[in-house]
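1. below are the sequence and a predicted model; questions follow.
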Amino acid sequence: MRDLKSNKQKKIKTNRRKQKKQPRDWKKLFHRLLRISIASGSGFLLASGALLTAQMLLESGYFGVRQIRVEQQMRVSEGDILDASDIELGDSLFDLELYMIGRKIEEHPWIARADVERSFPDQVVIRVVEREARAIIDLGYLYYVDKAGEVFKMLDADDQLNYPVITGIDRQYLLDNPDQTQDPLNQALQLIDELNNRDVFNLEDVSEIHYDQQEGLILYTRIGGVPVRLGKMGFKGKLNRLERIYSDLESRLMALKYIDLNVTDRVIVKVDVKRTVGRS
């Protein structure tokens, strides 16, 4: 049996060696602190110097606008675009609100998009995308319509008239219901694209594209002003049927009342008796 009492009286030996406390190396510590202070001070001086240099460059006009480049414009003059931008030579590049400048340029009726960029150290680049007129719409006054179906400019005396004319859409209805009028405009533009790619019966043979809310699109021939009823879809097939007999019809257009292409696989031609009697 163990002698528990005698075990309690034994001293427990430590497993650590007693280390002698070394004196602090104040010289080494001082040099380390000195190096840290010098590095921190140098960084501060560099940052301060950079800020001071930047401020001096800004105040000296180094980043002032000296050149404005306008790119990709065709119809709109460079001077009109510069006037719309309202950028002055000498303006600081950093003070220019590029987004707002682009939106101001887009207020010009022929500019669809304007992107404005800084080109350091002293240039501004303006890249524009101009609108392409595809038709003229009669809304009481004549307006251009672009390829996206957007009515964008009222015609003035210098504007060209050699575009297809769209009629039948009320101006106030278009303003009040832009979404509902987009469909007939898109249909008219689709028809214009289809006619533009044809040889027998094409845009040269058309004087007007009329939209009727019930009947859809109605073409009027340049010769005789004969209505050609096309409806609201399937223009390609309907025009194919018309072209098969158009060479025979062309000489008789002055005697026709209308041509209806809405009946499947047929072309209905109505003779105008009054015109026939008048000619005889």
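-> Received the coordinates, thanks. Numbers count the residues shown, from 1 in each chain.
2. every contact and neighbour count from this point should use C-alpha atoms.
-> OK.
3. got the domain boundaries for this protein?
-> Residue ranges for the domains of the chain, per automatic domain parsing: 67-130, 133-279.
4. tabulate those domains in TSV, adding columns for mean pLDDT.
-> Putting those into TSV (pLDDT from 0 to 100) gives the following:
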stretch	mean pLDDT
domain 67-130	95
domain 133-279	92
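5. could I get the ones you listed as a markdown table with mean neighbour count?
-> Putting the domains of the chain into a markdown table (neighbours: other CA atoms under 10 Å) gives the following:
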| stretch | mean neighbour count |
| --- | --- |
| domain 67-130 | 16 |
| domain 133-279 | 16 |
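6. so what's residue 203 up against?
-> Applying CA atoms under 8 Å, 6 or more residues apart in numbering to residue 203 gives the contacts 164, 192, 195-196.
7. again, only this time at 6 Å
-> 195-196 (CA atoms under 6 Å, 6 or more residues apart in numbering).
8. for residue 132, same thing?
-> Taking CA under 6 Å, 6+ apart, one finds residue 146 in contact with residue 132.
9. quick one: it and residue 113, what's the gap?
-> Note on residue 132: its distance to residue 113, by CA to CA, to the nearest Å, is 12 Å.
10. shared neighbours of the two, anything?
-> By CA under 6 Å, 6+ apart, residue 132 and residue 113 have no common neighbours.
11. could you pull out the strands for this protein?
-> 67-71, 111-119, 123-130, 133-138, 142-146, 151-154, 165-167, 206-212, 216-221, 227-231, 256-260, 268-271 (DSSP state E).
12. looks like residue 102 contacts residue 114 (just checking).
-> Yes - counting by CA atoms under 6 Å, residue 102 touches residue 114, with 5.0 Å between them.
13. show me where this structure has helices.
-> Ranges of helices in the chain, per DSSP state H, are 4-8, 26-60, 78-85, 98-105, 171-176, 178-196, 235-249, 273-279.
14. dump the third one to CSV, restricted to CA.
-> Taking Å, rounded to 0.1, in the frame of the first residue of the first chain, the C-alpha atoms of helix 78-85 are listed here in CSV:
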residue,chain,number,x,y,z
GLU,A,78,-19.6,70.0,-86.3
GLY,A,79,-20.4,73.5,-85.3
ASP,A,80,-24.0,72.6,-84.3
ILE,A,81,-22.8,69.7,-82.2
LEU,A,82,-20.2,71.9,-80.4
ASP,A,83,-22.8,74.6,-79.8
ALA,A,84,-25.1,72.0,-78.3
SER,A,85,-22.4,70.6,-76.0
